[in-house]
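1. Next one to model:
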Amino acid sequence: MEEYKRIFKQVTFSLLTIIMIFFIGIIGFMVLEGWDFFKAFYITAITLSTVGYGMPENISHATIIFDAILIFSGISVVLYLISSLTALFVEGDFKKIGGILRMMKRIENITNHYIVVGGGKTGKYIIDEFTKTKIPYIVIERDKEKINKLLEKNEYKDINYIIGDAKEEDILLKAKIYDAKGVLLTLPSDVDNLYISLTAKTLNPSLYIVSSATSSEEVRKLLYAGVDNVLLPPEITGKRMALMVSKPNVLSFIESTQMDFGETFGFAEIKIPENSWMVGKDFGELEISKTLDIIVMAIRRNGKARYNPKSNFKIKANDSLMVIGDQEDIERLRRFVIMAQV
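-> Next up, the predicted model:
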């Protein structure tokens, strides 16, 4: 993106320089020869365009020298402009530039999004999940090559990204951190994740921050820095390997659900607002499974989950429905839940 901005600046500079030379030519001819504006304009035009109509007779030596300088200046700037435009066509690729402009427009309008810090292996999986579930996001990555590798693949051509260091406030502001819902830190350095979490929480205290960590010793530091949830990849990998040998069929079932039901199938948590019509109702009265093709696995209340809730379980405000089903049905349930009491 920075390369394209540089080329655009070159083109803009060239055009402004040509305009400036044009006006210098007009003023110069008016002063040296006493011509009126329109004649000076005409002579300047044929001089810079090098059409070869010829200069008027009996002009002064000073005018001849001025005209020569004007010709060489104009040719130099035009050649510079042509080289910049060639770079846009050959190096920049107008199609890619069009994609960047569309992305900048998306970022300008984005809100309630998540900021993914790091476009590496972990960041790629986050992008895949957010794209599938249609969760808005912006990736911050300082290594342009990692982004370029993603853009080479068709499925990542519409990702929202910013090239820069997330430790810098300006980069976080470009990612619209004040409008963001959360930050996901995937950098391999715990120190970097710690610093970014402190900066992000300072700018927007309401952010929900999730970070990875390389060791259990760093977990406490990240939590002190304002991180809401910390994941240890070695711990996750170890538990997964243990399940593969202790409960292989259960793990296989969990992993196969999305493949069996399709890409639109997934899990979701839907919070019940205080003015929802569901508040005060028994769970059985909701008849969610009859209305929508969704399974309510649990109801979360005060941090505790009530699995397979009974029909007489009373719904309260701020309860969360833990559901599994098609994304379209999940969105319908979200709208269904927020309907106010009559």
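
2. doesn't residue 24 fall inside a helix?
-> Yes - according to DSSP: H, G, I helix; E, B strand; the rest coil, residue 24 belongs to a helix.

3. Please name the residues that touch it.
-> Contact analysis of residue 24 by C-beta atoms under 8 Å, 6 or more residues apart in numbering lists residue 70. Where you see a C-beta, it was placed from the backbone N, CA and C, and this is true even at glycine.

4. before we move on, what about residue 55?
-> 43, 47, 63-64, 67.

5. which among those end up buried?
-> Among the contacts of residue 55, those classed as buried by 16 or more other C-beta atoms under 10 Å are 43, 47, 63, 67.

6. Show me how the chain divides into domains.
-> Per the record, the chain has its domains at 2-92, 97-237, 263-337, by automatic domain parsing.

7. if you compare those, which one is most tucked away?
-> Ranked by mean neighbour count, the domains of the chain are led by domain 97-237 with a mean of 17 (mean count of other C-beta atoms under 10 Å).

8. so for it, what's the average pLDDT?
-> Averaging pLDDT along domain 97-237 gives 88.

9. so how far is it from its chain's centroid?
-> Put simply, domain 97-237 sits 9 Å off its chain's centre (C-alpha atoms, centre = their mean, to the nearest Å).

10. gap between residue 212 and residue 118?
-> The gap separating residue 212 from residue 118 is 9 Å, by C-beta to C-beta, to the nearest Å.

11. Now for those two: what residues contact both?
-> 185-187.

12. Next step: the residues you listed restricted to strands.
-> The members of the shared contacts of residue 212 and residue 118 that map onto strands under DSSP state E are residue 185.

13. Go through the shared contacts of residue 212 and residue 118 and name the one nearest residue 59.
-> The nearest member of the shared contacts of residue 212 and residue 118 to residue 59, counting by C-beta to C-beta, is residue 187 at 67.9 Å.

14. got the residue ranges for the strands in the stretch 1-150 of the chain?
-> Here the stretch 1-150 of the chain has its strands, by DSSP state E, counting those that start in this stretch, at 114-117, 137-141.

15. follow-up on the earlier one: which members of the contacts of residue 55 are the farthest-apart pair?
-> With C-beta to C-beta as the measure, no two of the contacts of residue 55 lie farther apart than 43 and 64, at 12.3 Å.

16. on that earlier part again, okay, the shared contacts of residue 212 and residue 118 in CSV with distance to residue 242 next?
-> Listed next are those as CSV, based on distance: C-beta to C-beta, whole Å:
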residue, distance to residue 242
185, 26
186, 24
187, 27
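
17. between the contacts of residue 55, which is nearest residue 132?
-> Using C-beta to C-beta, the contacts of residue 55 come closest to residue 132 at residue 47, 61.2 Å.

18. Pull up the gap between the closest one and residue 22, please.
-> 10 Å.

19. who's in contact with stretch 196-216?
-> With contact meaning C-beta under 8 Å, 6+ apart, stretch 196-216 is reached by 115, 117, 122, 166-167, 169, 172-173, 177-178, 180-188, 190, 193, 219, 222, 225-233, 235.

20. Mind checking which of the residues you listed land in strands?
-> 115, 117, 182-185, 229-231.

21. follow-up on the earlier one: so which of the shared contacts of residue 212 and residue 118 is the closest to residue 29?
-> Using C-beta to C-beta, the shared contacts of residue 212 and residue 118 come closest to residue 29 at residue 187, 61.4 Å.

22. Look up how far residue 115 lies from that closest one.
-> The value you get for residue 187 to residue 115, if C-beta to C-beta is used, is 13 Å.

23. what is in contact with the two at once?
-> With C-beta under 8 Å, 6+ apart, residue 187 and residue 115 have common neighbours residue 166.
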